[in-house]
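Chemist: sharing a model prediction with you, sequence too.
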Amino acid sequence: EKNKKLYKKIAAIAVVVAFGVGVYASRGVWVPKLEGILDRPHATIVNDGKKQSGNFPLTFDESSVNVIKQLSDGIVRVDDRNIAFYDESGNKISDNSHNFANPVVRTSGKRVLVYDNGGNSFRVLNKKGELLSKDIDQSILLAEIAPDSTVAVVTQTEKYAAVLTVYDSSGAEIYQWSSSRRILDISFDKDGSGCCISTFSSSSGALRSVIYYVTFDSTEEKMKSEQLETLAVSVQRNDNGDYWVVGDTCFYKLDSNGKILMQYEYPEELSDYALTDTTAAVAFDGIQRKTGTLAVFRSDSDGDKPDSVVYTQSGKPKKMTAENKKVILLGEDNIEAYDSAGNLLATAAVSSEYLDFVYLNDSVYFLGLHEINKIAFET
């Protein structure tokens, strides 16, 4: 009898242990679903989409260049002639003229980087004025700015298809990296100490990409990925030490050594994408009219597919952004906010004429052909 009782206890313990091991091993499947249930809102917030008054709309003449970007404390608009800073209420803080023929705009925090596509100079500004103006010898193919005002510039020489040069906030060169492949994208670490680099080359008519991660205190590359069978248009290191890669035909997640952890083939042509250190999202046109598809990935997931796939009914996706584990998607006649589990947090009906938008502090600023409008957008 004692032996029987002992065997029963051992068997019970074995069952519990086996169950625990199975639950832990399958956490990549059930944890995202459980979090989705726990995070699911009770109801979707339906914002009225009413245009705010006061200083809005911000009107301007039609221009061949009109760019709107988000700052941490407002927005900036760049056209053919000027770089204008506004606070959240639409008050113009400053206006700076420029002589760039084809201005490209990048922002980080309160700073703005502007350079000419194919030009030989760049400027860094904030709302108080110019912080840095730099002339270089080669034509600028690509440039990016870090939160600490570090600037990375990509040029080309006779010897190399791409040369990455990094400058500190005073304009002094602090790092250089060269490649026989062309560079398509750069993304800085939060502290500006390193960056991810997306390179590509062509072979037998096919475009292939290789991703690198470098730090500016070392000549050695910290990571070089295996070859990816896509054109990698954007890359970012997430908070799990892995890498998001948005290709033109598929989405990848790479581990810290550059090995493929997950590959997701797009069901339709890519419309737009957004990457943060916690969340990645890609959007596509839907098969039916006025529909779209949104695929969302989380950095803490071990799954081999999107953590959520949403089929939208608000028109084909036009633009999107992501922050604080939320994805904001502008369709043809609606703007919508989703959490990382694919739950619809908020929505608002908007004009189909908007070309772009920025999201800041529960408000959305829309860029049209002749004006910028603002609506409250609680999520």
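Modeler: Sure thing, it's come through.
Chemist: hey, let's count contacts and neighbours off CA atoms from now on
Modeler: Fine.
Chemist: now do the residue lying closest to Thr293 once chain neighbours are set aside, the pLDDT please.
Modeler: Spatially, and ignoring its direct neighbours in sequence, Thr293 is nearest to Tyr311 (4.6 Å; Cα to Cα, 6 or more residues apart in numbering). As predicted, Tyr311 sits at a pLDDT of 92.
Chemist: mind listing residues that contact the helix or strand where Tyr311 lies?
Modeler: Under the criterion of DSSP states H and E, Tyr311 resides in strand 308-312. Residues outside strand 308-312 that contact it (Cα atoms under 8 Å, 6 or more residues apart in numbering): 286, 291-297, 340-342.
Chemist: and the pLDDT for the residue nearest to Lys190 when sequence neighbours are not counted?
Modeler: Leaving aside its chain neighbours, Lys190 sits nearest to Pro147 (6.4 Å; criterion: Cα to Cα, 6+ apart). Listed pLDDT for Pro147 reads 89.
Chemist: related to what we said a few turns ago, of the contacts of strand 308-312, just the buried ones, PyMOL syntax please.
Modeler: Remark: buried members of the contacts of strand 308-312, expressed as a PyMOL selection using 16 or more other Cα atoms under 10 Å:
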select buried, resi 286+291+292+293+294+295+296+297+340+341+342
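Chemist: strands - which of the contacts of strand 308-312 land there?
Modeler: Mapping the contacts of strand 308-312 onto strands (DSSP state E) picks out 292-297.
Chemist: so what's Gln156 up against?
Modeler: Gln156 neighbours (Cα under 8 Å, 6+ apart): 138-139, 141, 162-163.
Chemist: please apply the same query to Ser63.
Modeler: Per Cα under 8 Å, 6+ apart, neighbours of Ser63: 79-80.
Chemist: and the gap between it and Gly90?
Modeler: To Gly90, Ser63 is 20 Å away according to Cα to Cα, to the nearest Å.
Chemist: repeat for Ile287
Modeler: For Ile287 relative to Gly90 (Cα to Cα), the value is 39 Å.
Chemist: comparing those two, which residue is more hemmed in?
Modeler: Higher neighbour count among Ile287 and Gly90: Gly90, with 20 against 12, using other Cα atoms under 10 Å.
Chemist: so the more buried one is in which element?
Modeler: Gly90 belongs to no helix or strand, assigned by DSSP H and E.
Chemist: and Glu378, by the same measure?
Modeler: Going by DSSP H and E, Glu378 is not in any helix or strand.
Chemist: so Met223 makes contact with Asn257?
Modeler: Yes. Using Cα atoms under 8 Å, Met223 is in contact with Asn257, at 5.8 Å.
Chemist: what is the neighbour count of Glu221?
Modeler: 12.
Chemist: hmm, I typed the wrong one, I wanted Glu265.
Modeler: With other Cα under 10 Å as criterion, Glu265 counts 12.
Chemist: ok, Arg182 next?
Modeler: Around Arg182 there are 21 residues (other Cα under 10 Å).
Chemist: how near is it to Arg208?
Modeler: In terms of Cα to Cα, Arg182 sits 11 Å off from Arg208.
Chemist: again with Leu228
Modeler: 6 Å.
Chemist: same check, this time on Val327
Modeler: Distance from Val327 to Arg208, by Cα to Cα: 29 Å.
Chemist: out of these two, which sits in the more crowded spot?
Modeler: Using other Cα under 10 Å as the criterion, Val327 and Arg208 rank with Val327 on top: 27 against 18.
Chemist: that one belongs to a strand, doesn't it?
Modeler: Yes. According to DSSP: H, G, I helix; E, B strand; the rest coil, Val327 belongs to a strand.
Chemist: return the set of buried residues in stretch 362-379.
Modeler: For stretch 362-379, by 16+ other Cα under 10 Å, it's 364-368, 372-379.
Chemist: likewise stretch 152-161?
Modeler: 152-156, 161.
Chemist: what does stretch 116-131 give?
Modeler: 116-117, 119-127, 131.
Chemist: among those residues, which are in helices?
Modeler: Within the buried residues of stretch 116-131, no residue falls in helices by DSSP state H.
Chemist: in strands, which of those fall?
Modeler: 116, 121-126, 131.
Chemist: shaky segments in the stretch 101-250 of the chain?
Modeler: Within the stretch 101-250 of the chain, no range satisfies pLDDT under 70.
Chemist: quick check: closest non-adjacent residue to Tyr359.
Modeler: Tyr365 (6.5 Å).
Chemist: can you give me the neighbour number for the residue nearest to Tyr86 when sequence neighbours are not counted?
Modeler: Closest residue to Tyr86 apart from its sequence neighbours, by Cα to Cα, 6+ apart: Lys92 at 4.4 Å. Residues near Lys92, counting by other Cα under 10 Å, number 17.
Chemist: hmm, Lys92 is touching Phe85, no?
Modeler: Yes. Applying Cα under 8 Å as the test, Lys92 and Phe85 come out as touching, 5.9 Å apart.
Chemist: can you map out the helices along this protein?
Modeler: 2-25, 27-39.
Chemist: same question for the first one, mean pLDDT?
Modeler: With pLDDT averaged residue by residue, helix 2-25 scores 65.
Chemist: burial of the closest residue to Tyr266 other than its chain neighbours, as a residue count?
Modeler: Nearest non-adjacent residue to Tyr266, counting by Cα to Cα, 6+ apart: Cys250, 5.3 Å away. When counting by other Cα under 10 Å, one arrives at 20 neighbours for Cys250.
Chemist: list the contacts for Cys250?
Modeler: 230, 263-266.
Chemist: one more pass at 6 Å, please.
Modeler: Going by Cα atoms under 6 Å, 6 or more residues apart in numbering, Cys250 touches 264-266.
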